[in-house]
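Visitor: Got a predicted structure plus its sequence, pasted below:
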Amino acid sequence: MRFLQGHDAPHDLTYDDVFVVPQRSDVSSRFDVDLSTVDGSGTTIPIVVANMTAVAGKRMAETVARRGGMVILPQDLPTTAAEESIAFVKSRDLVADTPVVLRPHDSVSDALALLPKRAHRAVVVVDDAGRPVGVVTESGCADVDRFARLGEVLDPKFVGLPADTPAREVFEALVDSHLGVAVLTAPDGRLAGLLTRTGALRTGIYTPAVDAEGRLRVGAAVGINGDVAGKAKALVAAGADLLVIDTAHGHQEKMIAAVEQVASADLGVVLVAGNVVSAEGTADLIGAGANVVKVGVGPGAMCTTRMMTGVGRPQLSAVAECAAAARELGGHVWADGGVRHPRDVALALAAGASNVMIGSWFAGTYESPGDLRVDSSGQPYKESFGMASKRAVAARTSSDGAFDRARKALFEEGISTSRIKLDPDRPGVEDLIDHICSGVRSTATYTGSRNLEELHRNVVLGVQSPAGFAEGRPLPGGW
Ligand SMILES: NC(=O)C1=CN([C@@H]2O[C@H](COP(=O)(O)OP(=O)(O)OC[C@H]3O[C@@H](n4cnc5c(N)ncnc54)[C@H](OP(=O)(O)O)[C@@H]3O)[C@@H](O)[C@H]2O)C=CC1
Ligand SMILES: Nc1nc2c(ncn2[C@@H]2O[C@H](COP(=O)(O)O)[C@@H](O)[C@H]2O)c(=O)[nH]1
Ligand SMILES: [K+]
């Protein structure tokens, strides 16, 4: 990445401050762009989901890994819960989505409670032997009593196909039948999974992020307090493919010691550590044994650090400086926080990040762990909160004594409640992934880049005024 002549800013920059200059390109299709990363994380698209309790659960992990990204399970998850989540992700199919399953004697209200948990928004009703007997959708529940049994409301005319049916055939069968989901079955007739039309389409576009045994990948975070190496070992033993050692101020002695301990345990997984925003911080963490350094202090949507402390750094400059330092040492960086548009992901990659971490944006999806709520205007939303908020600190310190809990609650650097709306056009995390990847693929072709390394090398940036940024915004309502 370089700046247009005369565009070197005298101050640090963030994503909104810059634009990408288009260049002569010989990349003729956006599908010719390879979005896989070279940082050892195994992602085939450069998207990592932040280790935030309101964002990163097992449904998110399964869904994102199937499209080639990776979820980092939060450090506040008890080790046994993390082990269960990892086992769940590892047992998921690489193509079919996990169905929501109920029995004929379950009620309509049971189905309505579970429908928003998955973007496919269907419940499969199975018999005693686990064979599908019908599908229930929201429209099927519209005018019926909530206590009615699913056996009475299910639609028995569903598209049922063997689990090994090629995705294109599944797509065509759904188009022919005008139905949204195909029910996939194992050779013994038992339910094996679900595939939507877009799911079938995505199967041909994305490559799942898988481990050496061909199972979906998932990462896990640890903090810097307590037995860090012990927890790291337990998570890797449970199957975590990557570890993130995460704290607000990553450039501190306790962090460096934690990274050294985990690195010396030689667990055989990529080690990510952060957060920092300087070349010195990056070099110290790589020196301690980190393979990847997580960059970003204060850009996060739930984060109040800059307002509380004045500490932080505009994210584009932070990523560019840390990425340059990491490259000199054979390491990598992840850009963490502040991503609100596909362009932000493209710019972080241009600045040299090997993956981009997204939290709050993905909180507003069916796959995030919280319950779907509807506000007074009928808008669906999910609740999110920061990991340094009073709410998160209270949960993290619940086993401490009252005095210690009160002491820790004094330091609050995050929002405790925020409503993240579901985008009506992109309510599922895969819709957002499609949106981001299409933007990044397009940035690559505009700059003549076939992969992320070329994107980083080729991008020429200019610095723009707030009016320049505003000009780029669409105006769906006119002006
Ligand atoms: N990227 C960002 O901008 C930020 C991210 N976060 C996220 O919040 C979560 C919780 O992180 P964290 O608050 O570090 O909690 P941790 O539980 O990881 O503990 C942090 C440890 O570092 C010590 N510490 C010293 N100085 C600081 C400081 N300025 N800020 C925070 N801790 C400090 C704390 O001691 P003591 O409590 O005694 O001071 C404590 O022992 C993480 O997921 C982190 O990524 C939080 C803030 C900023
Ligand atoms: N200062 C704080 N930073 C936080 C908190 N919770 C999370 N984070 C950071 O934000 C990113 C995600 O950014 P987003 O814009 O995509 O939401 C996350 O990875 C953390 O680094 C917090 O309470 N305070
Ligand atoms: K912020």
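Guide: The structure has been received and is ready for your questions. Ligands and ions are numbered 1, 2, ... in the order given.
Visitor: For Asp139, what are phi and psi?
Guide: Residue 139: Ser, not Asp. Its backbone dihedrals place Ser139 at phi -60, psi -30, with angles given as degrees, to the nearest 10.
Visitor: Ligand 1 versus that one, what's the distance?
Guide: With the distance defined as Cβ to the nearest ligand atom, to the nearest Å, Ser139 ends up 40 Å from ligand 1. Yep, even glycine has a C-beta here, placed from its N, CA and C like the rest.
Visitor: and that residue, how many residues sit next to it?
Guide: 9 (other Cβ atoms under 10 Å).
Visitor: what separates Leu216 from Ala301, distance-wise?
Guide: The span separating Leu216 from Ala301 equals 27 Å under the rule Cβ to Cβ, to the nearest Å.
Visitor: and if you look at Ser41?
Guide: Ser41 sits 23 Å away from Ala301, going by Cβ to Cβ.
Visitor: same deal with Gly6?
Guide: Distance check for Gly6 against Ala301: by Cβ to Cβ, it reads 33 Å.
Visitor: do the same with Val175
Guide: To Ala301, Val175 is 38 Å away according to Cβ to Cβ.
Visitor: Give me the more crowded residue out of these two.
Guide: Ala301 (19 against 11).
Visitor: List the contacts of the nearest residue to that one once chain neighbours are set aside.
Guide: Taking Cβ to Cβ, 6 or more residues apart in numbering, and ignoring the residues beside it in sequence, Ala301 has Ser360 as its nearest neighbour in space, at 3.7 Å. Under the criterion of Cβ atoms under 8 Å, 6 or more residues apart in numbering, the contact partners of Ser360 comprise 52, 55, 300-302, 384, 418, 420.
Visitor: cutoff 10 Å now
Guide: The neighbours of Ser360, taking Cβ atoms under 10 Å, 6 or more residues apart in numbering as the test, are 50, 52, 54-55, 300-303, 337-340, 368, 384-386, 415, 418, 420.
Visitor: try Val236
Guide: Counting by Cβ under 10 Å, 6+ apart, Val236 makes contact with 86, 220, 242-243, 262, 265, 267-269.
Visitor: ok, which residues in the stretch 301-450 of the chain are in contact with ligand 2?
Guide: Listed as neighbours of ligand 2 in the stretch 301-450 of the chain under the rule Cβ under 6 Å from any ligand atom: 301-303, 305, 336-339, 357-361, 386-389, 413-414.
Visitor: Take the residues you listed and keep only those in strands.
Guide: Per DSSP state E, strands hold the following members of these: 336, 357-358.
Visitor: do stretch 226-233 and ligand 1 meet?
Guide: No - contact check for stretch 226-233 against ligand 1, using Cβ under 6 Å from any ligand atom: none in range, with a minimum separation of 9.2 Å.
Visitor: which outside residues touch that stretch?
Guide: In this structure, residues lying in contact with stretch 226-233 by Cβ under 10 Å, 6+ apart are 75, 79, 82, 220-223, 234, 240, 243, 245, 254-255, 257-265, 267, 269, 271.
Visitor: mind redoing it with 7 Å?
Guide: Applying Cβ atoms under 7 Å, 6 or more residues apart in numbering, the external contacts of stretch 226-233 come out as 79, 222, 243, 245, 258, 261-262, 265, 267.
Visitor: Quick one: name the residues of this structure near ligand 1.
Guide: Contact residues (Cβ under 6 Å from any ligand atom) of the chain with ligand 1: 223-225, 246-249, 252, 275, 296-298, 300, 303, 305, 337, 387-388, 408, 411, 413.
Visitor: give me that answer again for 8 Å
Guide: Contact residues (Cβ under 8 Å from any ligand atom) of the chain with ligand 1: 51-52, 74-75, 221, 223-225, 246-249, 252, 254-255, 274-275, 294, 296-300, 303, 305, 309, 311-312, 336-337, 386-388, 392-393, 396, 408, 411, 413-414.
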